[in-house]
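Student: I'll drop the sequence and a predicted model, then ask my questions.
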Amino acid sequence: MYCVTVEFKVRPEDSVSFLARMVRQAADSLSNEPGCHIFDVWTSAERPHSVFLYEIYNDLAAFEDHVASDHFKSFDTDVAPWVLEKSATTWEQKR
């Protein structure tokens, strides 16, 4: 399995719009990508303008399919003006 964690810092005035678009992106990924198993969107009252993602894919190829998808490209374009910072980390499961 392949895990991706992402943290976004969003412009305060765009937080509500960003979160709504992110939730839609998570639903699109889960329903349109057979290799996407988990796409959780997390927020924190202590950090109201940050959004944390926890995503699980079959493997790197499934994640690459995700990034190449039309719905991801549309999402990325839509939210670009709202994002102040983005940090992503990838993880591979060891058994």
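Tutor: It's in.

Student: Break down the protein into its helices, ranges please.
Tutor: Secondary structure of the chain, counting by DSSP state H: helices at 15-32, 60-68, 70-79.

Student: May I see these arranged in CSV, with mean pLDDT, distance to Glu46 and mean neighbour count as well?
Tutor: To be clear about C-beta, it is placed using only N, CA and C from the backbone, and glycine gets the same treatment. Below are these laid out as CSV (pLDDT from 0 to 100; distance: least, Cβ to Cβ, whole Å; neighbours: other Cβ atoms under 10 Å):
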stretch, mean pLDDT, distance to Glu46, mean neighbour count
helix 15-32, 97, 14, 16
helix 60-68, 97, 29, 14
helix 70-79, 97, 22, 14
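
Student: Can you tell me which of those helices is nearest to Val51?
Tutor: helix 15-32 (5.9 Å; Cβ to Cβ).

Student: Which neighbouring elements make contact with that closest one?
Tutor: Using 3 or more Cβ pairs under 8 Å, 6 or more residues apart in numbering; DSSP states H and E as the contact criterion, the elements in contact with helix 15-32 are strand 2-10, strand 36-44, strand 47-57, helix 70-79.

Student: Tyr54 contacts Glu7, correct?
Tutor: No - contact criterion Cβ atoms under 8 Å: Tyr54 and Glu7 do not qualify, at 10.4 Å.

Student: Out of the helices and strands packed on helix 15-32, which gets nearest to Ser87?
Tutor: Each of those was scored for nearness to Ser87 using Cβ to Cβ, and the closest is strand 2-10 (4.9 Å).

Student: Only C-alpha atoms, please: export that closest one in PDB.
Tutor: This file holds the C-alpha atoms of strand 2-10, laid out as PDB (Å, rounded to 0.1, in the frame of the first residue of the first chain):
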ATOM      1  CA  TYR A   2       1.000   3.600  -0.700                       C
ATOM      2  CA  CYS A   3       0.100   6.400   1.700                       C
ATOM      3  CA  VAL A   4       0.200  10.200   1.000                       C
ATOM      4  CA  THR A   5      -0.200  12.800   3.700                       C
ATOM      5  CA  VAL A   6      -0.700  16.400   2.700                       C
ATOM      6  CA  GLU A   7      -1.100  19.600   4.700                       C
ATOM      7  CA  PHE A   8      -2.500  22.700   3.100                       C
ATOM      8  CA  LYS A   9      -2.400  26.200   4.700                       C
ATOM      9  CA  VAL A  10      -5.200  28.100   3.200                       C
END
